[in-house]
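J.: how would this look folded up:
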Amino acid sequence: MHCALPSHPSSDPPPDLPANDALQETLQPLLKILRQQGSSWRARVDSGLVCPAPPLYLRTLTAVRDCTRSAGAADLEACASAILRVLECAQPPGQGLDIPALDIIERAVAALAQRGSNRVALEELAALSQPPRMRSSPAARDTAPAPWLAPREQQWEGLQDELDQALLPVFLEEAQELMSSIGEGLEALRQGVADAELAGLARPLHTLKGSARMVGARRLSHCLHQMETALRGVQTGIEGVHDRSSATLAALETLLGLHDLALDHFAALTQAALLLSADGGARAPVLPAPLIRIRTTVLDKLLNQVGEVSIARSRLDNEVGSLQSESKALGEQLMRLSGELRQWLRQSGTQAQDGGDAAAAMQALAHSLAARLEQASLHQRRLQEGVSSTREGLRQQAAHTRELQQELMYARMVKFNSMEVRMQHLVRQVAAETGKPLALDLSNCRLQIDRAILERLMGPLEHLLRNAAVHGIESAEQRLAEGKPAVGRLTVQATHEGNEAVIRVSDDGRGLDLEAIRQKALELGAAGLAEASQARLADLIFQPGLSTSPQVSALAGRGIGMDVVRSEVAALGGWMRVHSQPGQGVQFTLYLPLSLAVQHVCLLRHGQQHFAIPSMLVDSIVQLRGPQARQALAERSLEHQGSRLALHPWHCLLDEAPEPAGEGSDSAYVLLIKRDDGLMAVLADHVSGNREVVVKPVGPQLATLAGVVGATVLGDGQIVLIINPLLLAGAGRTDGMAVAPGVQ
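T.: So this is what the prediction gives:
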C-alpha cells in the first residue's frame, strides 16, 4: 500500500509561536481529544485486535488540519495531513496498524502538540506508508474471499478440543455471563448499530476467545475468532459508508450464524463437564450459577430507596417512642386516679353505713367508676405492650434494613487494582513522552472502594502520577550519577484503615524543592513565608497558578492541576497530606470515605440550624467553659498541644452574621479538623455527636455552593447539609477572624 505524502515545505524549523495565541487555544482541546482517543486505540491494539483509527480520532485530526491551514501554520498542517493520509489508507475492512506503526503515529501527534520541527515525524510517516507496515493489502483483500465466508467444514477441519478438566468449571462460570453479553450486543446490532455497542461486543468476544483457548476449547475459540473477523467487517462497513451495504449485511448475517454455532459449542462443553464428572467417580464440577446483570444506576436507586426506608423507620421510631412515653404517663395518671378513687370508696362506705339513699347512690357510682377505671388500666397496659412490641419490631426491621444496605453497598464496591491496566498504560505513555524509564508498583492495592469514588478519583490519581514522572523523577543519567537505579519507581498503595480508604502515591525522585517553591510564591505575592515550616511550604504546591517548572509544555508548567486534585478529594469528603524528603521523593496520602452512600458524620448546631461534617475529617472535639471559653473567643485562637490555632467561627466560614445568642457565651465547642499542614480549629455553638447517615445528592443549585458535599435527613425529618470545612477555608471565607502573630 502506497500513500503519497507531501514533502516538507521548508528545511528550516518553524519559529516558536506565542504560548497563548489563538491557534493554541483552538488546538488545546482538540489535542486532548486525540490523546484520549489514542489511549483507547492503543489499548485495543496492545490486546491484539486489528482495528483502524476511531472515527472521532479521524474527525478531530481533520479539524486540527483545517485549523492549522486557516492559521497559516504550514508545518503543522503538513504533519496533520500526513497522519491523515496514512490513517485513511488503513481504514478498509481488515486493515490496521501494528504496534510500531502506532508508536510512529503517537510521536507525530506529540510533535503537533510541541509545535516544533516536524521533519523527523514526516520522514517516519513517509516510511510508514510502505506496504510492510500494514496488516493486509487491498489487493489481497479484493482477490481473497473473506475468512468468515469459508465453508465451515474447512474452518474446523482437524480441530479437536483438548479440555482441561480442572479449569473447565471455572471457564463455564465465566463464559455464561460473557455469552449473555455477546447475545445482547448482537441483538443491538439487529436494531441499529452505535460505536459503543460495537466496542461493547468486541471486548467480551476477545475475552471469551482467550479463555476458551486457555481451557482447550479449540473449536469454540476458533469460532469466536471468526466472529471477531466478521465483526470487524461489520464495523468497518458501517463506519466507512454510514449505511448497511450488501457486504455489511452479509457480514452481519454471517456473524449471527457464527453466534448460533458458538452457542452449540458452549452447550457441548457444558454437557462434557457433566460427563466428566460422572466418569471415574470424579468430583462433580461446580457448574455456573444463574447470574443477572444490573446497571449501576438501578443499584444506586435501590440503595437510595433503602435509605428512604431507613429514614422513614427512624421517624416512625421517634413517633412510637413518643407514644410509649405518653402511654407510660397515662398509666401513672390512672394509678394516681385509682388511689384517689379507693380513698373515696372508703369514705362513701362509711357514709352509707350511717344510712340515707343519697349515700347509697354515691357508693354505687364509686363502684361503677372503679370498674371503668380498671378497664381503662387494662387497655393502657395492652397499649403499652403493643408499643413495646412495635419498638422491638422496628429494631428488627432496622437490623434487616442495615444488612440489606450493606449488601447493596458491597455490590457497589470494586477492587482498586481493577484500574491497574489504565494506570500502567498512563505511565508507559508518560515515559515515552518524557524519555525517562519508569516503573509503576501496584502490589499493595487490596482495597475495595465504592465504584463512584474510584471513577471520580482516577483523574486526580493520573495527575499525581504524571506530575511525579515529570517533576519528581530525574533523568536516567542523573539517577545513575546519584547512585540510584536508572528506572524511576512510582508506587501506589491502597489500604483500609478504620472507616477510611487510604491511598498513597509516592516516587523515589528528587523531592520538593522547598526553596524554589518559596521564591515562586513570593513572586506571586504571598506573604509571611520567611519563617514558614516545611509543611506550610509543601502546602503551597496546591495553590493555583504556582509552578516551579522553567518552561511551559503540554505536560507541566501551567500551575494548574494540584489545586484541582485537592478540591476533588475534598469534594469526595476526604483530605490529603504531602510529605517530601530531599533526594528520596514525595509521598501524597489521600484519606477518603469507603462509600458515598452511607457515611459517619459529626452533627453540630449553629443558632437554630444543624449541619454535618464528615467524621473522618474530625481529629477531636474540645469543649471550652468559663474563663477559657471567654479568652478563646476574645483572642480568636486556641492553645492546643503546644501550638496556637486560629479559631474559624462557623458563621465566618458560612459567610453569615453571628447569632446574637452566641455572643458572650460561657460555653463553646471547637472541632479540630485534619488537613495537610496540621489542624484547623472550627468554632461551633454545640456538637451533638457522631452518627451514621444516608447521604443524599444535592440538586444543581446547591451543588454550586462551596463546601457542600451532600445532604441527609434526620429522624425528625430535618434536612441537614453535609459540609467540608476545608473547602470553605479554601474559598477564603475567614473574614472577621482576627489572627494573632504566630498563630497557624
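J.: what helices or strands is the longest helix anywhere in the chain leaning on?
T.: Looking across the chain with DSSP state H, the single longest helix is helix 296-353. Applying 3 or more CB pairs under 8 Å, 6 or more residues apart in numbering; DSSP states H and E, one finds that helix 296-353 makes contact with helix 357-412, strand 686-694. Every C-beta, even on glycine, is put in place using the N, C-alpha and C of the backbone.
J.: same list, the ones you listed, but as TSV with distance to His225, mean pLDDT and mean neighbour count please.
T.: Formatted as TSV, these follow (distance: least, CB to CB, whole Å; pLDDT from 0 to 100; neighbours: other CB atoms under 10 Å):
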stretch	distance to His225	mean pLDDT	mean neighbour count
helix 357-412	34	82	14
strand 686-694	49	84	16
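J.: dump these to TSV, plus distance to Pro658.
T.: Formatted as TSV, the helices and strands packed on helix 296-353 follow (distance: least, CB to CB, whole Å):
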stretch	distance to Pro658
helix 357-412	39
strand 686-694	15
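J.: of all the ones you listed, which one comes closest to His640?
T.: Closest to His640 of the helices and strands packed on helix 296-353 is strand 686-694 (CB to CB; 16.3 Å).
J.: and the contacts of that closest one?
T.: Around strand 686-694, the neighbours that count as contacts under CB atoms under 8 Å, 6 or more residues apart in numbering are 306-307, 310-311, 405, 597-605, 610, 612, 615, 621, 623, 669, 671, 712-714, 720, 722.
J.: for it, C-alpha coordinates in PDB please.
T.: Only the C-alpha atoms of strand 686-694 are listed here, as PDB (Å, rounded to 0.1, in the frame of the first residue of the first chain):
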ATOM      1  CA  HIS A 686     -23.000  23.000  70.000                       C
ATOM      2  CA  VAL A 687     -21.900  19.500  68.900                       C
ATOM      3  CA  SER A 688     -24.500  16.700  69.000                       C
ATOM      4  CA  GLY A 689     -22.100  13.800  68.500                       C
ATOM      5  CA  ASN A 690     -21.400  11.200  65.800                       C
ATOM      6  CA  ARG A 691     -23.900   9.100  63.800                       C
ATOM      7  CA  GLU A 692     -24.200   7.100  60.600                       C
ATOM      8  CA  VAL A 693     -26.400   8.700  58.000                       C
ATOM      9  CA  VAL A 694     -27.600   8.100  54.500                       C
END
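J.: quick one: strands adjacent to it?
T.: Applying DSSP bridges, strand 686-694 is found paired with strand 598-606 (antiparallel).
J.: for the partner strand, what is the distance to the chain centroid?
T.: From the chain centre to the centre of strand 598-606 is a distance of 23 Å (CA atoms, centre = their mean, to the nearest Å).
J.: list the buried residues of stretch 718-733.
T.: Val720, Leu721, Ile722, Ile723, Asn724, Pro725, Leu726, Leu727, Leu728, Ala729, Gly730, Arg733 (16 or more other CB atoms under 10 Å).
J.: columns secondary structure and pLDDT on top of these, output as JSON lines?
T.: Shown next, in JSON lines, are these (DSSP: H, G, I helix; E, B strand; the rest coil; pLDDT from 0 to 100):
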{"residue": "Val720", "secondary structure": "strand", "pLDDT": "88"}
{"residue": "Leu721", "secondary structure": "strand", "pLDDT": "89"}
{"residue": "Ile722", "secondary structure": "strand", "pLDDT": "89"}
{"residue": "Ile723", "secondary structure": "strand", "pLDDT": "88"}
{"residue": "Asn724", "secondary structure": "coil", "pLDDT": "85"}
{"residue": "Pro725", "secondary structure": "helix", "pLDDT": "86"}
{"residue": "Leu726", "secondary structure": "helix", "pLDDT": "82"}
{"residue": "Leu727", "secondary structure": "helix", "pLDDT": "79"}
{"residue": "Leu728", "secondary structure": "helix", "pLDDT": "80"}
{"residue": "Ala729", "secondary structure": "helix", "pLDDT": "72"}
{"residue": "Gly730", "secondary structure": "helix", "pLDDT": "61"}
{"residue": "Arg733", "secondary structure": "coil", "pLDDT": "48"}
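J.: on that earlier part again, how far off centre is the longest helix of the chain?
T.: With CA atoms, centre = their mean, you get 46 Å for helix 296-353.
J.: and Glu385, what does it touch?
T.: Glu385 neighbours (CB under 8 Å, 6+ apart): none.
J.: and if you look at the one 3 residues further on?
T.: Contact analysis of Ser388 by CB under 8 Å, 6+ apart lists Gln324.
J.: how far away is it from Ser377?
T.: 17 Å (CB to CB, to the nearest Å).
J.: then Ile673?
T.: To Ser377, Ile673 is 55 Å away according to CB to CB.
J.: could you do His606 as well?
T.: Relative to Ser377, and taking CB to CB, His606 is found at 47 Å.
J.: repeat that for Ile105.
T.: Relative to Ser377, and taking CB to CB, Ile105 is found at 90 Å.
J.: equivalent analysis for Leu178, please.
T.: From Leu178 to Ser377 the distance is 69 Å (CB to CB).
J.: what of Pro697?
T.: Counting by CB to CB, the gap from Pro697 to Ser377 is 51 Å.
J.: again with Gly38
T.: Going from Gly38 to Ser377 by CB to CB gives 82 Å.
J.: give the closest residue to Leu603 in space, chain neighbours not counted.
T.: Ser688 (4.0 Å; CB to CB, 6 or more residues apart in numbering).
J.: tell me the domain ranges of the protein?
T.: Listed by the TED database, the domain ranges of the chain are 20-129, 167-275, 296-349+361-412, 435-545+562-593, 598-730.
J.: could I get those domains as JSON lines with distance to His425?
T.: Output for these, formatted as JSON lines (distance: least, CB to CB, whole Å):
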{"stretch": "domain 20-129", "distance to His425": "6"}
{"stretch": "domain 167-275", "distance to His425": "16"}
{"stretch": "domain 296-349+361-412", "distance to His425": "24"}
{"stretch": "domain 435-545+562-593", "distance to His425": "10"}
{"stretch": "domain 598-730", "distance to His425": "29"}
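J.: my read: Ala366 touches Leu345, true?
T.: Yes. Using CB atoms under 8 Å, Ala366 makes contact with Leu345 at a distance of 4.9 Å.
J.: what residues are up against the nearest residue to Glu462 once chain neighbours are set aside?
T.: Closest residue in space to Glu462, ignoring its immediate chain neighbours: Leu426 at 5.5 Å, by CB to CB, 6+ apart. Contact analysis of Leu426 by CB under 8 Å, 6+ apart lists Ser39, Glu462, Leu465, Arg466.
J.: what score does Ser590 have for pLDDT?
T.: Small correction: residue 590 is Leu, not Ser. Looking at Leu590, its pLDDT is 92.
J.: also Gln551?
T.: Per the predicted model, pLDDT is 53 at Gln551.
J.: out of the domains of the chain, nearest to Glu420?
T.: domain 435-545+562-593 (5.1 Å).
J.: what's the span of the closest one from first residue to last?
T.: 37 Å (CA to CA, to the nearest Å).
J.: same check on stretch 669-681?
T.: So stretch 669-681: terminal residues 10 Å apart, CA to CA.
J.: use 42 as the first number for this chain going forward.
T.: New numbering, starting at 42: the last item is stretch 710-722.
J.: if I look at the closest residue to Ser222 other than its chain neighbours, how far off is Ser221?
T.: Leaving out its chain neighbours, the residue that sits closest to Ser222 by CB to CB, 6+ apart is Pro245, at 4.5 Å. Pro245 sits at a distance of 9 Å from Ser221 (criterion: CB to CB).
J.: neighbour count winner among the two?
T.: Pro245 (20 against 14; other CB atoms under 10 Å).
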